[in-house]
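A.B. asks: Predicted structure and sequence below. I'll ask about it afterward.
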Amino acid sequence: MAEATAVKLAVALRVGEFRALWAAETISVAGDQLARVALALLVYDRTSSALLTGLTYALTFLPAFLGGLFLAGLADRFPRRTIIVTTDILRACLAAAMAIPGLPLGVLWVLVAVLTFAFAPYKAAQQALIPQILVGKDQYVAGTSLRQISNQVAQFVAFAAGGVLVTVITAQGALLLDAATFVISVVLVSRWVRPR
C-alpha cells in the first residue's frame, strides 16, 4: 500500500517545474512556521504579555484572509511566475526587516501583517499555475496530495524544532532564516519555472 502511494506521488515529481514549486513552497512554509515561533518568543520576551504575544501570533494568519479578498485577483492580471517571485522578494525584505533588533512592536506588527497579506497573491498564482504544470488528473492529484503532506510535515517539524532553534540562533536569526527561505524560493522559481 505504501509503495503504491509513493509511486503515485512520484508521478508529480517527474515534472521539473512542479519540483521547483513544491520545494519552494515547502521551504517557505517551514520558514514561516519558524518565524511564528520566533515572533511569539520575541514579543513575550520583550513584554511578558500573553495577550500581546497572542495578538502577534494572530497577525501571522488573519491578514492572509484579507489579502485573499483584496489581492488574490492579481494572479489573473499578471504572469503567475512574476507574482510568485515578486511576492517572495517582498516577503524576504519584510522578514529581514523584522529581524532588526529593538524594532518597536507597532512597526513589527505592521511588517508581520504586510508579510502575511502578501501571501494571498502568492498562493493564488501558485494554485493557478499548478494545473498548467501538472497535466492530467493523475499528475494533478499526486501533486496536490504531495503538497498537502509536505506542508503539514514542514509545519510540524518547524513548530517542534522552532523553540530549540530560536534558543540557538536567537529570534532575529530565525527571522533572517525565514527571509532566506523566500530568497531560496525566488531562485528555485526563477530558475526552473518557465514564464507563461
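C.D. replies: That came through fine. Numbers count the residues shown, from 1 in each chain.
A.B. asks: can we go C-alpha only for contacts and neighbour counts from here?
C.D. replies: Noted.
A.B. asks: backbone phi and psi for T87, please?
C.D. replies: phi -70, psi -30 (degrees, to the nearest 10).
A.B. asks: how about it, what does it touch?
C.D. replies: Contacts for T87 (C-alpha atoms under 8 Å, 6 or more residues apart in numbering) come out as 118-119, 121-122.
A.B. asks: same question, T181
C.D. replies: So T181 contacts 24, 27-28, 31, 92 (C-alpha under 8 Å, 6+ apart).
A.B. asks: Show me the residues you listed that map onto helices.
C.D. replies: The helices, defined by DSSP state H, take in 24, 27-28, 31, 92 from those.
A.B. asks: Make CSV out of the residues you listed and add distance to V157, neighbour count and pLDDT.
C.D. replies: Listed next are those as CSV, based on distance: C-alpha to C-alpha, whole Å; neighbours: other C-alpha atoms under 10 Å; pLDDT from 0 to 100:
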residue, distance to V157, neighbour count, pLDDT
A24, 16, 21, 97
I27, 11, 20, 96
S28, 13, 24, 94
G31, 11, 26, 93
A92, 21, 25, 98
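A.B. asks: Which of these sits closest to G173?
C.D. replies: Distance to G173 across the ones in helices among the contacts of T181 (C-alpha to C-alpha) is lowest for G31, with 11.4 Å.
A.B. asks: For V114, see how far away that closest one is.
C.D. replies: 16 Å (C-alpha to C-alpha, to the nearest Å).
A.B. asks: same deal with G163?
C.D. replies: 24 Å.
A.B. asks: again with T86
C.D. replies: Applying C-alpha to C-alpha to T86 and V114 gives a distance of 14 Å.
A.B. asks: Low-confidence ranges, the chain, go.
C.D. replies: 1-5, 63, 65-70, 72, 75 (pLDDT under 70).
A.B. asks: now do 50
C.D. replies: Across the chain, nothing is flagged by pLDDT under 50.
A.B. asks: show me where it has helices.
C.D. replies: Going by DSSP H, the chain shows helices at 2-13, 16-47, 50-58, 62-70, 74-77, 80-98, 105-117, 119-133, 137-192.
A.B. asks: what's the angle from the second one to helix 80-98?
C.D. replies: Counting by axes from the mean of the first three to the mean of the last three C-alpha atoms, to 10 degrees, helix 16-47 points 20 degrees away from the direction of helix 80-98.
A.B. asks: how far does helix 16-47 sit from the chain's center?
C.D. replies: 6 Å (C-alpha atoms, centre = their mean, to the nearest Å).
A.B. asks: what's the angle from that helix to helix 105-117?
C.D. replies: Going by the same axes, to 10 degrees, helix 16-47 makes 160 degrees with helix 105-117.
A.B. asks: Which residues in helix 16-47 does the neighbour count mark as buried?
C.D. replies: 17-44 (16 or more other C-alpha atoms under 10 Å).
A.B. asks: helices or strands next to it in the packing?
C.D. replies: helix 2-13, helix 50-58, helix 119-133, helix 137-192 (3 or more C-alpha pairs under 8 Å, 6 or more residues apart in numbering; DSSP states H and E).
A.B. asks: Now with 6 Å, please.
C.D. replies: Contacts defined by 3 or more C-alpha pairs under 6 Å, 6 or more residues apart in numbering; DSSP states H and E place helix 16-47 against helix 50-58, helix 137-192.
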